[in-house]
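Engineer: Give the three-dimensional model of this entry:
(one chain, ligands or ions: 2)
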Amino acid sequence: MKQVCVLGNGQLGRMLRQAGEPLGIAVWPVGLDAEPEAVPFQQSVITAEIERWPETALTRELARHPAFVNRDVFPIIADRLTQKQLFDKLELPTAPWQLLASEAEWPEVFDKLGDLAIVKRRTGGYDGRGQWRLRAGDTAQLPQACYGECIVEQGINFSGEVSLVGARGQNGETVFYPLTHNLHQDGILRTSVAFTHIHIEQQQQAEQMLSAIMHELGYVGVMAMECFVTPGGLLINELAPRVHNSGHWTQNGASISQFELHLRAILNLPLPQPVINGTSVMVNLIGTELNDAWLQLPLVHLHWYDKEVRPGRKVGHLNLTDTENGRLDASLEALVPLLPPEYASGIAWAQMKLR
Ligand SMILES: Nc1ncnc2c1ncn2[C@@H]1O[C@H](COP(=O)(O)OP(=O)(O)O)[C@@H](O)[C@H]1O
Ligand SMILES: [Mg+2]
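Structural biologist: Numbers count the residues shown, from 1 in each chain. Ligands and ions are numbered 1, 2, ... in the order given. Take a look at the predicted model:
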């Protein structure tokens, strides 16, 4: 039996395990402090659902394991400095940026980047954490520890956010899903929409950029690229060297989900282009208790992560897919009263995209 060990035991590892089951692939998500002896990694291909990890008995063992796919790519992407340097090296468009080394640089930063500066921690940020939106009068708010540990980039006045999820196989072939349209609120993904009909130019630009990145890194598996939509084309925001929240719709909206695609790529199994037959909407469940009433709606696929519910925490998602946008629209309308009020604007945004 094929075996895969996933470093990290959150929801992404759980969904990789679920995707492996029908294929006869045993997937073992493992926590960072698991006893190395208890993990069957000798017989496994190793992947990760996180980008960065502390030194533990387990990670020390895995770090020197030859079957750890993309092992040397993670540190490049986990540090926003080296990630941005990669975009520059490949001459790929990204939000203008620089390293923020000292307080003295602020006048020059605003000169160069404009009125709104977005400061981001080089490592460890997620869901909008480790980020500051600053104008010239606000820079004293930034903790001193940030200097040298952060990059600063131009605040982009984008018309929308999209992401491309794709995979590269061991032989260098690539496959991609259609671009996903994403709504973030306070830095956290709330809702995604993916269509069968694509904006060809945008799709091609995105595929060329992500291909160039994956080839440069010799990457194998699923990677996600988040972009801002601007009048001049796409700007890359950031990369994730793993399955991604904005690709969760593929569990129910594609013939091969991103989780299965990742397993196929790292195990050197066939990698055909996934078939997409309808429009998909994904609603992230954030800090919300499980509600059985969602299951009254036949189009709703519930994915519940079995985590303790805490404010701001991703605890599950709902996928809806249909070939008729009108039916999706009606389903979303029926979902609104079954969710807390803060979901209404994200669902209205998805409905607007469908119409
Ligand atoms: N340069 C920027 N200009 C405007 N908005 C931004 C910029 N960078 C990030 N954001 C907003 O913050 C969100 C989260 O930022 P991101 O860099 O993707 O960090 P995270 O790792 O938390 O996802 C983005 O999806 C976008 O909505
Ligand atoms: Mg992001």
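
Engineer: quick one: the helices in this protein?
Structural biologist: Under the criterion DSSP state H, the chain contains helices at 11-20, 57-63, 74-78, 80-89, 106-113, 200-217, 250-253, 258-266, 325-335, 344-354.

Engineer: Looking at those, spot the one closest to Gln273.
Structural biologist: helix 258-266 (10.2 Å; Cβ to Cβ). All C-beta spots, glycine's among them, are computed from the backbone N, C-alpha and C.

Engineer: who's in contact with Val73?
Structural biologist: Residues counted as contacts of Val73 (Cβ atoms under 8 Å, 6 or more residues apart in numbering) are 217-219, 241.

Engineer: The same query, at a cut-off of 6 Å, please.
Structural biologist: 217, 219, 241 (Cβ atoms under 6 Å, 6 or more residues apart in numbering).

Engineer: dump the residue contacts of the first one.
Structural biologist: It refers to Leu217. Val73.

Engineer: Would you mind naming what in the stretch 151-300 of the chain lies close to ligand 1?
Structural biologist: Proximity of the stretch 151-300 of the chain to ligand 1 (Cβ under 6 Å from any ligand atom) is limited to residues 153-156, 161, 184, 187, 226, 237-238.

Engineer: can you give me the end-to-end distance of stretch 173-191?
Structural biologist: Chord length of stretch 173-191, first to last residue, is 30 Å (Cα to Cα, to the nearest Å).

Engineer: which parts of that stretch are buried?
Structural biologist: Neighbour counts over stretch 173-191 (16 or more other Cβ atoms under 10 Å) mark 174-184, 188-191 as buried.

Engineer: What segments of the stretch 151-300 of the chain are strands?
Structural biologist: Assignment of strands within the stretch 151-300 of the chain using DSSP state E, counting those that start in this stretch yields the ranges 160-168, 174-176, 180-185, 188-194, 221-230, 233-240, 279-286.

Engineer: and those as CSV, adding distance to Gln42?
Structural biologist: Conversion of the strands of the stretch 151-300 of the chain to CSV gives the following (distance: least, Cβ to Cβ, whole Å):
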stretch, distance to Gln42
strand 160-168, 26
strand 174-176, 30
strand 180-185, 37
strand 188-194, 36
strand 221-230, 21
strand 233-240, 28
strand 279-286, 37
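
Engineer: between these, which one is nearest to Trp28?
Structural biologist: So among these, strand 221-230 is nearest, using Cβ to Cβ, at 16.6 Å.

Engineer: Can I get that closest one in CSV, CA atoms only?
Structural biologist: Extracted as CSV, the C-alpha positions of strand 221-230 are listed here (Å, rounded to 0.1, in the frame of the first residue of the first chain):
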residue,chain,number,x,y,z
GLY,A,221,2.7,18.7,-6.0
VAL,A,222,0.0,21.3,-5.6
MET,A,223,0.9,24.9,-5.3
ALA,A,224,-1.4,27.9,-4.9
MET,A,225,-0.7,31.5,-6.1
GLU,A,226,-2.8,34.4,-4.8
CYS,A,227,-3.1,37.4,-7.1
PHE,A,228,-4.6,40.9,-7.2
VAL,A,229,-6.6,41.9,-10.2
THR,A,230,-5.5,45.3,-11.5
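
Engineer: Next, the distance between the ends of stretch 243-254.
Structural biologist: First-to-last residue span, stretch 243-254, Cα to Cα: 14 Å.

Engineer: now that stretch, how far from the centre of its chain.
Structural biologist: Computed by Cα atoms, centre = their mean, to the nearest Å, the chain-centroid distance of stretch 243-254 equals 10 Å.
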